[in-house]
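Asker: What follows is a predicted protein model with its sequence.
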Amino acid sequence: MKKRKAILLIVAILSLTFLFAHENKVDVPASVALSAPPAPVQSVLPPVEPALTAEPEIVPLDGVKPDDAPEQEDEPSDPVAELVAEIVGSMTLREKICQMLIVTLDSIPGVSGSAVADEVTRAALERYPVGGFIHFSPNIVSSGQISSLNATLQEYSKVPLLLAVDEEGGRVARLRNSLRAHSVRAMLTYESDGESTAFDNAVILSNALKTHGFNTNFAPVADVWSNPANTAIGDRAYSRDFDSASELVAAAVRGFKESSIACSLKHFPGHGNTREDSHYSTAYVNRSLDELRDNELKPFAAGIAAGADMVMTGHLIVPEICELPATLSKVLITDVLRDELGFDGVVITDSLAMDAISRQFGAEFVAITAINAGVDILLMPINVDKTISALIAAVESGDILESLIDESVSRIIRLKITIGLY
């Protein structure tokens, strides 16, 4: 048995030796194979240096090599955004804050007249470069006079002005009542005439405005006369029905925009259901947010979708949402108007001289709180000097971020470009 195992072992060694020698093409003597383990085998081939291989050239199917392809162009620039940034960037903090004010002519310190612009007016505009003016009946004496006044104010201003008026038609129509510049009646009288009439009336109003040097109209009224006891709105509304008002307000916005007149939906979040008149007292909107969505906010949403340039806040308290008037409410302006309704245009207050705001709060508090709430333009602050000083101090102390001021002024300048003032 031992002999047999030895023979098998020898056969296995010989087989392995043969295979190894055959694989490496080396002749190994049998005696060596039988007497000792094989020595390391040196290859008979010269060593081969590894080749330095280049990446294969890839040529697209169209035959154009990557190096020959044109460079990818950057995203197209926005020339309006560039112009806005240039204009805003050239302003001082005081100049930017002044852009956020629309005032009456005689509210600027040093200006006493309301129907004529002279060198005193020019000097006052250099000290108070406001964003615009609103005119009332005392400013409008004749067709030639108001046209000349507006042209002169534009000439005196370094930055083009928003020249505004309340021209709704009916009882709130300065040019109609002073000059008979058109014959558009109160909007409610056209309630059943449809969208085409709402559009045409906006064009008629716009033409009267442009003829006299105006570029901004604080209209259309987006309030719905849902409370017959309400006297603040009444026939100023386009309808007593929220859905009908939405269609008519949107049509009016399209008419103003086609005419290149800046228009303003008012009075957010809706003044048509109040018992009180905010001109004379605090006014309350007794609705939940869900009820507002189903009712008062509909015409505002429709007007925003149609391209409204501005939304005017009402001095209206919605107790279920905020204890402050809408003009001062970040919840209503930023959360609801900006974020929920998607409005990125100019937010302007109603007149800050109205009793609902001026009798309740100081000028400084109103200015700072309104801007922090999301307002872009303060309309008719009761004290221009105090308002400017308060806002400058608030920015310098950090109570208002200057970036917030820049955002507001950028919206204002963009609006002025959009309606052709640049």
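Answerer: Received it, and whenever you're ready, just let me know what you need.

Asker: wait, is residue 160 part of a helix?
Answerer: No - counting by DSSP: H, G, I helix; E, B strand; the rest coil, residue 160 falls outside a helix, being coil.

Asker: ok, so what distance separates the closest residue to it other than its chain neighbours from residue 204?
Answerer: Using Cβ to Cβ, 6 or more residues apart in numbering and skipping the chain neighbours, the partner closest in space to residue 160 is residue 421 (3.7 Å). For every residue, glycine as well, the C-beta is placed using N, CA and C. According to Cβ to Cβ, to the nearest Å, residue 421 stands 22 Å off from residue 204.

Asker: for residue 108, same thing?
Answerer: The spacing between residue 108 and residue 204, counted by Cβ to Cβ, is 32 Å.

Asker: what about stretch 206-226, how long is it end to end?
Answerer: Stretch 206-226 has an end-to-end distance of 28 Å (Cα to Cα, to the nearest Å).

Asker: Centre of the chain to it, how far?
Answerer: Distance of stretch 206-226 from the chain centroid (Cα atoms, centre = their mean, to the nearest Å) equals 21 Å.

Asker: What average pLDDT does that stretch get?
Answerer: Throughout stretch 206-226, pLDDT has a mean value of 98.

Asker: How about stretch 249-266?
Answerer: Mean per-residue pLDDT for stretch 249-266: 98.

Asker: So the residue nearest to residue 160: helix, strand or coil?
Answerer: With three-state DSSP as the criterion, residue 421 reads coil.

Asker: Spit out the contact partners of it.
Answerer: Applying Cβ atoms under 8 Å, 6 or more residues apart in numbering, we find residue 421 in contact with 160-161, 215.

Asker: Select the helix or strand of this structure having the lowest average pLDDT value.
Answerer: The helix or strand of the chain with the poorest confidence is helix 30-35; it has a mean of 36 (mean pLDDT, DSSP states H and E).

Asker: residues in contact with the residue positioned nearest the centre of the chain?
Answerer: The residue lying closest to the centre of the chain (Cα atoms, centre = their mean) is residue 344, at 2.6 Å. By Cβ under 8 Å, 6+ apart, the residues touching residue 344 are 338, 411.

Asker: What's the separation between it and residue 264?
Answerer: Taken as Cβ to Cβ, the span from residue 344 to residue 264 is 15 Å.

Asker: Please parse the chain into its domains.
Answerer: With domains defined by automatic domain parsing, the chain comprises 1-34, 79-418.

Asker: send the alpha carbons of the helix or strand hosting residue 86 over as PDB?
Answerer: In this structure, residue 86 sits in helix 79-89 according to DSSP states H and E. Presented in PDB, the C-alpha positions along helix 79-89 are these (Å, rounded to 0.1, in the frame of the first residue of the first chain):
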ATOM      1  CA  PRO A  79     -33.100  94.600 -18.900                       C
ATOM      2  CA  VAL A  80     -35.900  96.000 -16.700                       C
ATOM      3  CA  ALA A  81     -34.500  94.300 -13.600                       C
ATOM      4  CA  GLU A  82     -31.000  95.700 -14.500                       C
ATOM      5  CA  LEU A  83     -32.400  99.200 -14.900                       C
ATOM      6  CA  VAL A  84     -34.400  99.000 -11.600                       C
ATOM      7  CA  ALA A  85     -31.300  97.800  -9.800                       C
ATOM      8  CA  GLU A  86     -29.200 100.700 -11.300                       C
ATOM      9  CA  ILE A  87     -31.800 103.300 -10.300                       C
ATOM     10  CA  VAL A  88     -32.400 102.000  -6.800                       C
ATOM     11  CA  GLY A  89     -28.600 101.500  -6.300                       C
END
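
Asker: Buried residues of the helix or strand just after it, list them for me.
Answerer: Heading C-terminal from helix 79-89, the first helix or strand you meet, by DSSP H and E, is helix 93-99. Across helix 93-99, burial judged by 16 or more other Cβ atoms under 10 Å covers 96-99.
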